[in-house]
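> What follows is a predicted protein model with its sequence.
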Amino acid sequence: MARTLAQKLDFLMDLTQTKNSALGRALNFDSSYISRIRSGKRGLPKGQPFLEPASIYFSHAIREDYQKDAAAKELHLATSWPPEEKDAAQLILTWLSGRFQTPQEELSMEDVLAALKLPFAETNAPEARYTPEKGSAVSAQIFFGNAGKRDAVITFLEELVQTGRAHTLLLFSDEDMFWLYEDKTFVRTWMLLMRQLIEQGSRIRIIHSLGRSAGDMWEAVRSWMPLYATGAVEPWFCPRLRDGIFKRTEFIAQGHSAVFGSSVPGQTDEPLNMLIRDRDTAEAMQREYEAFLKLCKPLMDIVRPDKAEELEELQNALLNTPGELLTAESSGMKILLKKGIASLVVKEEPPYAAFIIKEPRMLAALEQYLQNI
């Protein structure tokens, strides 16, 4: 008899000696919730990824030879356990999601590869619910909720990469950033695609929203630091406050396509997101974005020094400025902050870069971040 999801999860947790609390911490779930899924009293959570991050967790936890042999036997593999963690994670995901169940027969590697033919991030991604008929003036797809927004953005970026040419990207979002950061697999894929576009010569303008909590503001900027270091990204901010009621996300590829989404804080259902493949629509959205950009200011000055002494000069200039100094190191970055004046963020790993921040709200967010760590 084929195992249930609860039995499969229980097998993996026993095999890796994983406690409910440990898996809960790794996946951001309460240990009691993990216990109920493991016992079969609860199904998979809605609106929060579970199978993908669990598969990644167990692919890393299955290290010993006896564990690999037991896992291969449980999955009825005709070959040994995959040596690469990413392949093991995809295999576990396929098994947990029930895309193959053959308790009576062993699976050959060809069977496994066939079962793994879908991209890793596709498991929890919703299908588009509407596609206009052929001959429509505008080609569009509709997606719902955070998972739908991620699916639309990945599709948008993949299609741009597939063109093999440079694009100008115009980005803005003041929606809750949870849609971006709740899925680590999405973040990695998103960063990879953005880097590919930059390598193809693309340039990016992003208008950051400063109407967030201090932690969210710094996290948004920090996550962009590796891309800032390429010199291909222009960060901006709007000094004017918006009403804070209607939130929106816009990813525009000039003259090509766009992703648009909107929501209202506290909205409990799944908000609408659209992927639009139409040159005229993209250009109209671009004109609106450019009008918005005229109300904005540069968020920071970005310096990419080739020599260590140039970095030293920047640091000394800030150190010699009057005011209380706060310093810290975080995620390969050295942060020097003079309260209310300026901050210098130095990326200490290749590619080297320095970011000079003077915007008051960003400085306040950075100061709070430094005090917290």
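Thanks, I have the structure now.
> Can you list the residue ranges for strands in the stretch 101-250 of the chain?
139-144, 168-173, 203-208, 233-237, 247-253 (DSSP state E, counting those that start in this stretch).
> Just tell me which of the ones you listed ends up closest to Met274.
Among the strands of the stretch 101-250 of the chain, the nearest to Met274 by C-beta to C-beta is strand 139-144 (5.6 Å). From N, CA and C alone the C-beta is placed, and that goes for glycine too.
> thinking again about what came up before, compare the strands of the stretch 101-250 of the chain and report which one is nearest to Glu159.
Nearest of the strands of the stretch 101-250 of the chain to Glu159, taken as C-beta to C-beta: strand 247-253 at 8.6 Å.
> Please name every helix or strand in contact with the closest one.
Packing partners of strand 247-253 (3 or more C-beta pairs under 8 Å, 6 or more residues apart in numbering; DSSP states H and E): helix 145-163, strand 168-173, strand 257-263, helix 279-293.
> For the strands of the stretch 101-250 of the chain, give me JSON lines that also has mean neighbour count.
Output for those, formatted as JSON lines (neighbours: other C-beta atoms under 10 Å):
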{"stretch": "strand 139-144", "mean neighbour count": "19"}
{"stretch": "strand 168-173", "mean neighbour count": "21"}
{"stretch": "strand 203-208", "mean neighbour count": "20"}
{"stretch": "strand 233-237", "mean neighbour count": "20"}
{"stretch": "strand 247-253", "mean neighbour count": "21"}
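> Mind putting these into CSV with distance to Asp183 and mean pLDDT?
Shown next, in CSV, are these (distance: least, C-beta to C-beta, whole Å; pLDDT from 0 to 100):
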stretch, distance to Asp183, mean pLDDT
strand 139-144, 14, 86
strand 168-173, 16, 94
strand 203-208, 20, 92
strand 233-237, 22, 87
strand 247-253, 15, 93
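> Columns distance to Leu9 on top of those, output as CSV?
Shown next, in CSV, are these (distance: least, C-beta to C-beta, whole Å):
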stretch, distance to Leu9
strand 139-144, 28
strand 168-173, 34
strand 203-208, 39
strand 233-237, 41
strand 247-253, 34
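> Need phi/psi at His76.
Main-chain torsions, His76, degrees, to the nearest 10: phi 60, psi 40.
> quick one: low-confidence ranges for the stretch 101-250 of the chain?
In the predicted model, the stretch 101-250 of the chain carries pLDDT under 70 at residues 101-138, 211-222, 241-244.
> What values do phi and psi take at Ile276?
Dihedral pair for Ile276: phi -110, psi 120, per degrees, to the nearest 10.
> I'd assumed Ala282 was in contact with it.
Yes - the criterion here is C-beta atoms under 8 Å, and Ile276 meets it with Ala282 at 7.0 Å.
> and Val346, how many residues sit next to it?
For Val346, the neighbour count with other C-beta atoms under 10 Å is 20.
> How about Glu85?
There are 14 residues near Glu85, going by other C-beta under 10 Å.
> And for the closest residue to Pro239 other than its chain neighbours, the neighbour number?
In space, and not counting its chain neighbours, Pro239 is closest to Lys297: 6.1 Å by C-beta to C-beta, 6 or more residues apart in numbering. Under the neighbour criterion other C-beta under 10 Å, Lys297 is assigned a count of 11.
> any idea how far stretch 179-192 is from the chain center?
Stretch 179-192 sits 2 Å away from the centroid of its parent chain (C-alpha atoms, centre = their mean, to the nearest Å).
> Quick check: buried residues in that stretch?
Going by neighbour count (16 or more other C-beta atoms under 10 Å), the buried part of stretch 179-192 is Trp179, Leu180, Glu182, Asp183, Thr185, Phe186, Thr189, Trp190.
> residues in contact with it?
Contacts to stretch 179-192, defined as C-beta atoms under 8 Å, 6 or more residues apart in numbering, come from residues 48-49, 52-53, 56, 120-121, 124, 146-147, 149-150, 153-154, 157, 173, 219, 223, 226-227.
> redo that, cut-off 6 Å
Applying C-beta atoms under 6 Å, 6 or more residues apart in numbering, the contact partners of stretch 179-192 are Pro49, Glu52, Ala121, Asn146, Lys149, Arg150.
> What of stretch 238-256?
156, 160, 167-175, 258-263, 279, 282-283, 285-286, 289, 295-296.
> Convert the C-alpha atoms of it to PDB, please.
Output of stretch 238-256 as PDB, limited to C-alpha atoms (Å, rounded to 0.1, in the frame of the first residue of the first chain):
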ATOM      1  CA  CYS A 238       9.800  58.900  -3.400                       C
ATOM      2  CA  PRO A 239       9.900  61.600  -0.600                       C
ATOM      3  CA  ARG A 240       6.200  62.100  -0.900                       C
ATOM      4  CA  LEU A 241       3.900  60.000   1.300                       C
ATOM      5  CA  ARG A 242       1.100  58.000  -0.300                       C
ATOM      6  CA  ASP A 243      -2.300  57.300   1.300                       C
ATOM      7  CA  GLY A 244      -1.100  53.800   2.300                       C
ATOM      8  CA  ILE A 245      -4.500  52.200   1.400                       C
ATOM      9  CA  PHE A 246      -4.000  50.900  -2.200                       C
ATOM     10  CA  LYS A 247      -0.700  49.000  -2.600                       C
ATOM     11  CA  ARG A 248       0.700  48.000  -6.000                       C
ATOM     12  CA  THR A 249       3.600  46.100  -7.600                       C
ATOM     13  CA  GLU A 250       4.900  46.900 -11.100                       C
ATOM     14  CA  PHE A 251       7.700  45.100 -12.900                       C
ATOM     15  CA  ILE A 252       8.000  46.600 -16.400                       C
ATOM     16  CA  ALA A 253      10.300  45.600 -19.300                       C
ATOM     17  CA  GLN A 254      10.400  48.600 -21.600                       C
ATOM     18  CA  GLY A 255       8.500  47.900 -24.800                       C
ATOM     19  CA  HIS A 256       8.100  44.200 -24.000                       C
END
